[in-house]
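Participant: The following comprises the amino acid sequence and a computationally predicted model.
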Amino acid sequence: MNNRPILQSLILSAFALVTTLPSQAWAQNETIKIVVGYPAGGILDALARAVAEDYRKAGHGQAYVENKPGASTMMAATEVARAKPDGRTVLLSHSMPFTSYPYTYAKLNYSPDDLVPVANLANVPIVISTGSVQPYKTIDEYLAAVKKDAALGTVGLAGLGGPTHFGVLQLAKHQNIKLEPASYSGGPQLVNDEMGGHVPLGVDAAGAQMELYRAGKIRFLGLAGTQPVSFLPDVKTLHEQGVKGFENVKIWYGAYVPKDTPTETIARLEKAFIAVAKNPELKKNFEKLGLELTGESAVSMTTLLEKEKQVWEPIIKESGFKAN
């Protein structure tokens, strides 16, 4: 049912690299630390370890991963923002510390301006799903059902305060209906409630649901964003289906370093990280986990961050949502 064997294989192969390096390697000038705001064992951790392994294999130097979970990834962002700007401390994160948190948290221990982009590494396809026990089989049928029965307006999310949360609010606004975001502690709990018919709709990363979808236990009613997903050719975006609200919902992972890091150092890291993301074998392996490796430049990443800030700032402020 799950992707745990594949994920564990990726993590173990990368972890073997880290744990077998001689201790003196950490003192080398080319050693980098990749900081991740989640515990070991997750998809971002697996990506970070794959980056570290390929970085070494390509002859750039040594690399290791530090897991620093806490405060919705803000502890990791704070550590890297305060690090020496020499390119040896790198943050791997989604974009929320830069595009959502400044408007949802009253106080941050870091400034988004204290970190600069290096490379966009991966997209996380987001699906709108429901249990196969439900009578509605398309997003239009679901929306019609909500208009008849407001009790069906509960939408499960793996946490509040991010693009999926505000996408739900936008969908409700465009459809002139009431949708109530319900926070879950994680994807497994959400899909369990979907399968049991306890929550009418869910919005989460595709990766955690792929096997259940293939087994016919849940339905994918659509994708967030505007672009198709290669490993979900039969699932259209809500945008393609003429349903507004989720076209700007995008979760992606990028690499960042402290501001004032030398331009040539950023360029070197950018080249190395993009090469990792373009590795065909790695791309294929991560697709099985529901992750699309991208490998895009720091410039394009900066443009994307600015676009997301402009999109979400007024929506978040209008919602009145506060995380603390």
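Facilitator: Cool, got the structure.
Participant: partners of residue 181 in the sheet?
Facilitator: Taking DSSP bridges, one obtains residue 155 as the residues bridged to residue 181.
Participant: Please verify my assumption that it contacts residue 168.
Facilitator: Yes: using Cβ atoms under 8 Å, residue 181 makes contact with residue 168 at a distance of 5.1 Å. For glycine as for every other residue, the C-beta is placed from the backbone atoms N, C-alpha and C.
Participant: of the two, who's got more company?
Facilitator: Neighbours were counted for residue 181 and for residue 168 using other Cβ atoms under 10 Å; residue 168 has more, 25 against 22.
Participant: What residues of the helix or strand harbouring that one count as buried?
Facilitator: Assigned by DSSP states H and E, residue 168 belongs to helix 163-175. Neighbour-count burial for helix 163-175, counted by 16 or more other Cβ atoms under 10 Å, picks out 163, 164, 165, 166, 167, 168, 169, 170, 171, 172, 175.
Participant: From the recorded domain assignment, give the ranges for this protein.
Facilitator: 4-124+251-319, 126-223 (automatic domain parsing).
Participant: Dump those into JSON lines; add mean pLDDT and distance to residue 243 as well.
Facilitator: Formatted as JSON lines, the domains of the chain follow (pLDDT from 0 to 100; distance: least, Cβ to Cβ, whole Å):
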{"stretch": "domain 4-124+251-319", "mean pLDDT": "88", "distance to residue 243": "17"}
{"stretch": "domain 126-223", "mean pLDDT": "96", "distance to residue 243": "6"}
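Participant: of all these, which lies closest to residue 244?
Facilitator: Residue 244 sits nearest to domain 126-223 of all those, at 4.2 Å, using Cβ to Cβ.
Participant: start to end distance for that closest one?
Facilitator: Terminal residues of domain 126-223 lie 6 Å apart, using Cα to Cα, to the nearest Å.
Participant: Return the set of buried residues in the longest helix seen in the chain.
Facilitator: Scanning the chain for the helix with the most residues, using DSSP state H, yields helix 298-319. By neighbour count on 16+ other Cβ under 10 Å, the buried set for helix 298-319 is 298, 301, 304, 305, 308, 309, 311, 312, 315, 316, 319.
Participant: what residues are up against the second one?
Facilitator: Residues in contact with residue 301, defined by Cβ atoms under 8 Å, 6 or more residues apart in numbering, are 117, 118, 119, 120, 254.
Participant: Tell me which helix or strand the closest residue to it other than its chain neighbours sits in.
Facilitator: Leaving aside its sequence neighbours, residue 301 sits nearest to residue 117 (Cβ to Cβ, 6 or more residues apart in numbering; 4.0 Å). Assessed by DSSP H and E, residue 117 sits inside strand 115-124.
Participant: Check residue 128 too.
Facilitator: Using DSSP H and E, residue 128 sits within strand 126-131.
Participant: what's that strand in contact with?
Facilitator: Outside strand 126-131, the residues that touch it by Cβ under 8 Å, 6+ apart are 136, 139, 142, 163-164, 191, 194-197, 200-206, 209, 213, 217-225, 232, 235, 238, 246, 249-251.
Participant: Give me the angle between the helix or strand following it and helix 163-175.
Facilitator: Downstream of strand 126-131, the next assigned helix or strand under DSSP H and E is helix 139-148. Orientation check (axes from the mean of the first three to the mean of the last three Cα atoms, to 10 degrees): helix 139-148 against helix 163-175 gives 70 degrees.
Participant: okay, the angle between helix 139-148 and strand 126-131?
Facilitator: Angle of helix 139-148 versus strand 126-131, following the same axes, to 10 degrees, is 60 degrees.
Participant: Would you mark the buried spots in helix 139-148?
Facilitator: For helix 139-148, burial by neighbour count (16+ other Cβ under 10 Å) applies to 139, 142, 143, 145, 146.
Participant: what does stretch 148-155 give?
Facilitator: By neighbour count on 16+ other Cβ under 10 Å, the buried set for stretch 148-155 is 152, 153, 154, 155.
Participant: ok, now stretch 67-86?
Facilitator: 67-68, 71-74, 76-81, 83, 85.
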